[in-house]
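1. Would you be able to build a 3D model of this:
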Amino acid sequence: MFSVLLELPEFEVVNQEIFLTHYFVHVEKKAEEERCIYCGFHSSVVHDKRTRKVRDLPILNKPLYVNLYVNRYRCQ
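-> Numbers count the residues shown, from 1 in each chain. Have a look, this model is predicted:
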């Protein structure tokens, strides 16, 4: 299988797909809790999950798309 080094230590590669026209890598964040941007306290209560598709630099003249699985946390 094709291995991609993304240089993103806070994310873990879940799946990699190779197509004729592009590469697709699925990653998710390793952290199980996040700090609230408003109050500064840590929270581990997930209230939503989002997927973000990001285009990265091409590899071997094919575009690379990164699919990020991101949890949204509720502040206590």
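
2. use CA for all of it now, contacts and neighbours both
-> Will do.

3. Show me the contact partners of the longest strand along the chain.
-> For the chain, the longest strand by residue count, based on DSSP state E, is strand 46-59. With contact meaning Cα atoms under 8 Å, 6 or more residues apart in numbering, strand 46-59 is reached by 63-74.

4. Run through the bridge partners of the closest residue to Leu64 other than its chain neighbours.
-> Sequence neighbours aside, Tyr23 is the residue nearest to Leu64 in space, at 4.8 Å (criterion: Cα to Cα, 6 or more residues apart in numbering). Counting by DSSP bridges, Tyr23 is bridged to Ile18, Leu64.

5. Quick check: Tyr23 touching Asn67?
-> No: look at Tyr23 against Asn67 with Cα atoms under 8 Å: they stay out of range, at 10.7 Å.

6. Report the contact partners of the nearest residue to Glu17 once chain neighbours are set aside.
-> Spatially, and ignoring its direct neighbours in sequence, Glu17 is nearest to Phe24 (5.0 Å; Cα to Cα, 6+ apart). Contacts for Phe24 (Cα under 8 Å, 6+ apart) come out as 16-18, 64-67.

7. Out of the residues you listed, give me the two with the largest separation.
-> Ile18 and Asn67 (13.5 Å; Cα to Cα).
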